[in-house]
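>>> Predicted model, plus sequence, below.
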Protein chains: 2
Amino acid sequence: MDNTDNIILSILKENSRASASEISKQVNLSVPAVTERIRKLELSGVIEKYTVRANPYALGYNLLAFVIVKVDCSVNLEAFQDAIAGLPQVLECHHTAGPGDYLLKVLFRDMQDMENFLSRTLKDIRGVADTNTIICLSTLKEEITV
Amino acid sequence: MDNTDNIILSILKENSRASASEISKQVNLSVPAVTERIRKLELSGVIEKYTVRANPYALGYNLLAFVIVKVDCSVNLEAFQDAIAGLPQVLECHHTAGPGDYLLKVLFRDMQDMENFLSRTLKDIRGVADTNTIICLSTLKEEITV
DNA sequence: CGTGAAAAGAGTTACCT
DNA sequence: AGGTAACTCTTTTCACG
């Protein structure tokens, strides 16, 4: 993971469809050398997957919020986790040490969608004791990784 | 944005390097038809960018935390925002309505790196009045978008 | 929206520095 | 480790049905 690898990674982060020949010009290396480095980045797990960044707004999701969830410790956590992970609106679910037990990042179409999620979807999941919602007014930065 | 578009989008989310011919087989459409749909998804902004998902752990970042930041209202917010956005460790920065003013998603190499970030990097930014850190124990789900 | 052909560009390999 | 060159395969693009 030298400097060249970092440049290659940042090029792919900007455009994962960049060809090896395009990249080779930017890093002053031959095509096979670039191909080999990318292959190693994939094998070592640095490159997890080639993906697409979709715009939630263009898809009708205009509201973003983080939800801090407190869970009743007496309940089976796996059921809670499976239920949460199955909700497509829930982009992220982290087990946390802090004011709550879980932190969710959730997209909503509108306020009503959010209300519905908080007062129905979430409360219907066994184990959810309390929720605390942080509404996002605007997003200044949103990267997948370093 | 019909069902076919959704399938195409989900295929690209799984592998953004999938060729139009590969996709065409999965959606039972011709190659030019798929190409045209993808072009429209790009133009309409649904597809924001083709990117790579890098594994933070493979890059030495083993600690993830969310930091709730309270800002002194009397200070110029732009300076704060620019300073924050310039930090590569800060993956996300949201302006929020809630217990704090900003919510940051930050990667750390280790505990010392986190301590350094909280007690130096952050405190040195003008306007930061108070911080509250939520440490992630584990991550169950982490998607970019719906 | 499908088909088919033509052209361009991709990746791969082997060999050499 | 990296460069060069040739070969092969795939992809994309275009004109037409």
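Thanks, I have the structure now. Every value quoted in this text rests on a predicted model; they were computed, and no experiment measured them.
>>> Need the pLDDT of A:Val146.
For A:Val146, the pLDDT comes out at 87.
>>> So it sits against B:Pro56, correct?
Yes. At 6.3 Å, A:Val146 counts as touching B:Pro56 under the criterion of CB atoms under 8 Å. To be clear about C-beta, it is placed using only N, CA and C from the backbone, and glycine gets the same treatment.
>>> Compare the two (neighbour count), which wins?
Comparing A:Val146 with B:Pro56 by other CB atoms under 10 Å in any protein chain shown, the one with more neighbours is B:Pro56, at 22 against 16.
>>> Name the residues contacting each of A:Val146 and B:Pro56.
Here A:Val146 and B:Pro56 have B:Leu107 as joint contacts, going by CB atoms under 8 Å, 6 or more residues apart in numbering or on different chains.
>>> Tell me what angle the helix or strand hosting A:Leu103 forms with strand B:102-108.
Under the criterion of DSSP states H and E, A:Leu103 resides in strand A:102-108. Relative orientation of strand A:102-108 and strand B:102-108, computed by axes from the mean of the first three to the mean of the last three CA atoms, to 10 degrees: 120 degrees.
>>> tell me what strand A:102-108 is packed against?
Secondary-structure packing of strand A:102-108 (3 or more CB pairs under 8 Å, 6 or more residues apart in numbering or on different chains; DSSP states H and E): strand A:63-71, helix A:77-85, strand A:90-97.
>>> May I see those organised as a markdown table, with mean neighbour count and distance to DNA strand C added?
Formatted as a markdown table, the entries for the helices and strands packed on strand A:102-108 read as follows, by neighbours: other CB atoms under 10 Å in any protein chain shown; distance: least, CB to the nearest atom of the strand, whole Å:
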| stretch | mean neighbour count | distance to DNA strand C |
| --- | --- | --- |
| strand A:63-71 | 20 | 31 |
| helix A:77-85 | 15 | 33 |
| strand A:90-97 | 20 | 29 |
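>>> between those, which gets nearest to DNA strand D?
Among the helices and strands packed on strand A:102-108, strand A:90-97 comes nearest to DNA strand D, with 27.8 Å by CB to the nearest atom of the strand.
>>> That closest one relative to strand B:102-108, how many degrees between them?
Per the same axes, to 10 degrees, the angle that strand A:90-97 makes with strand B:102-108 is 70 degrees.
>>> Now stretch A:107-125: buried residues?
Buried residues in stretch A:107-125, counted by 16 or more other CB atoms under 10 Å in any protein chain shown: A:107-109, A:113-114, A:117-118, A:121-122, A:125.
>>> wait, which of those is closest to chain B?
Chain B lies nearest to A:Leu107 out of the buried residues of stretch A:107-125, by CB to the nearest CB, at 5.8 Å.
>>> Pull the contacting residues for that closest one.
By CB under 8 Å, 6+ apart, A:Leu107 lies in contact with A:56, A:61, A:63-64, A:89, A:91, B:145-146.
>>> so what pLDDT did it get?
In this prediction A:Leu107 is given a pLDDT of 98.
>>> for A:Asn116, same thing?
So A:Asn116 comes in at 97 (pLDDT).
>>> same thing with the one 3 residues further on?
In this model, A:Ser119 is scored at 95, pLDDT.
>>> same thing with A:Leu77?
A:Leu77 carries a pLDDT value of 86.
>>> for the longest strand seen in chain A, packing partners?
In terms of residue count, the longest strand belonging to chain A (DSSP state E) is strand A:128-142. Applying 3+ CB pairs under 8 Å, 6+ apart, one finds that strand A:128-142 makes contact with strand A:63-71, helix B:77-85, strand B:90-97.
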